Structures are given as C-alpha cells and as structure tokens.
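Novice: Here is the input, now give the coordinates:
(one chain, ligands or ions: 1)
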Amino acid sequence: MASLRLYGDPALRRKAAPVTRFDDGLRALARDMTAVMHGHAGVGLAANQVGAAQRVIVVDLSGGEREDEAFALVNPRVTARTGSFADEEGCLSFPGLRFPVRRALEARIEAQDLAGNPVVHEARGLLARVLQHEVDHLDGVLFVDRLPWRRRIAMWLKLPGLKRTYAKQKAA
Ligand code: NI
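Specialist: The predicted model follows:
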C-alpha cells in the first residue's frame with residue numbers, strides 16, 4: 001500500500017498532470033488510494049497525497065462504512081459553483097487539524113471514470129465540499145490556503161511546527 005504524505009512533503013504542492021491512459025496502472029492507483037483513504041478513516045483522497053502526480057481522486061462519504069460507496073474520479077474539474085457555506089474541514093495530510101472552511105454549497109464536477117467515460121456530479125453540501133477539497137489538492141492547493149486571512153496568518157505561524165511534528169510522526 002502506498003504511504004500517506006503529510007504536510008511538508010513536496011508532493012502535496014505539486015500540480016498533478018492529466019490522465020491520458022485508462023489502463024490497469026490507473027485502476028491499481030485508484031484501488032491503492034481507496035485503501036489508504038479507508039485505512040485512515042477518510043472521506044476523500046487525492047493522488048498527490050500518495051505521491052502520484054496524476055489527476056485522480058477517490059471519495060467515500062461513508063468513510064468505508066458502507067460497501068460500494070467509494071468511487072474514483074479522473075481529471076475532475078469544478079465547472080460551476082453556487083452559494084457558500086462554512087463547515088469544519090480536515091485533511092488526512094494534516095492529522096489532528098480541523099477548521100471551518102468556506103466552500104461553495106453546490107458544485108458541478110465534470111470528470112471521467114476509470115474507463116474514461118465522462119461523468120458529471122451535481123454535488124451539494126458535504127459531497128460538494130469533499131470534491132472541491134480534493135480537486136484543490138490536484139492543483140497543489142491545501143485547505144489551509146482557504147482560510148480567512150486572519151486565520152491564515154495564525155496558521156502561517158503554526159505551519160513550521162506542524163511540519164516538524166508530522167516529520168517525527170513519519171519517522172516513528
Ligand atoms: Ni485533503
């Protein structure tokens with residue numbers, strides 16, 4: 001199983017490249033990502049978080065509780081956003097950290113499935129939030145970048161300490 005990359009790992013800031021080959025390698029990556037997501041009780045994961053710079057995300061709002069809930073999206077793009085709401089958000093690459101983050105309430109996501117077929121999600125609420133968060137990852141954007149400026153300044157002061165903590169966790 002691939003290992004989860006924590007904040008401070010350069011892979012998280014790398015912009016992922018579009019997928020052009022819908023082959024066994026892609027399916028294996030999605031399976032691996034799903035296992036990592038479930039292993040950390042997450043509801044979403046982007047390929048950057050396992051060090052693969054490809055535009056692939058996996059989502060499972062049940063956190064692995066219900067079978068067949070997990071799905072993968074390839075080359076996902078947010079093509080429309082409506083409304084906004086703030087809610088507590090976390091990220092598997094920032095263990096132990098949660099913040100209210102403002103996101104669009106409704107988002108249209110156009111993507112492909114693992115076979116390359118086009119898929120569209122008209123998402124709302126939690127699903128819209130998770131999809132926006134994961135698509136951000138593919139562009140090297142992290143949820144701490146989405147905080148209101150006051151919190152972001154407080155965060156900047158905390159980030160070097162977090163990096164050290166996570167580096168130790170990884171070594172342990
Ligand atoms: Ni995340």
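
Novice: residue boundaries of the helices in this protein?
Specialist: With DSSP state H as the criterion, the chain has helices at 24-39, 125-138, 149-171.

Novice: for the record, mean pLDDT for the last one?
Specialist: Computed over helix 149-171, the mean pLDDT rounds to 88.

Novice: quick one: buried residues of it?
Specialist: Using 16 or more other C-beta atoms under 10 Å as the test for burial, helix 149-171 gives 155, 162, 165-166. C-beta here means a position set from N, CA and C on the backbone, and glycine is covered the same way.

Novice: Same check on the first one?
Specialist: Buried residues in helix 24-39, defined by neighbour count with 16+ other C-beta under 10 Å: 26, 29-30, 32-38.

Novice: ok, the closest residue to Asp139 other than its chain neighbours - how many residues close by?
Specialist: Excluding the flanking residues, the one nearest Asp139 by C-beta to C-beta, 6 or more residues apart in numbering is Lys15, at 5.6 Å. Per other C-beta atoms under 10 Å, the neighbour tally for Lys15 reads 11.

Novice: Repeat that for the one 3 residues further on.
Specialist: Residues within reach of Pro18, counting by other C-beta under 10 Å, total 10.

Novice: Who are the contact partners of it?
Specialist: Pro18 is in contact with 55, 75, counting by C-beta atoms under 8 Å, 6 or more residues apart in numbering.

Novice: Next one, pLDDT for the residue nearest the centre of the chain please.
Specialist: For the chain, Glu134 is the residue whose C-alpha lies nearest the centre (C-alpha atoms, centre = their mean; 3.0 Å). With respect to pLDDT, Glu134 scores 98.
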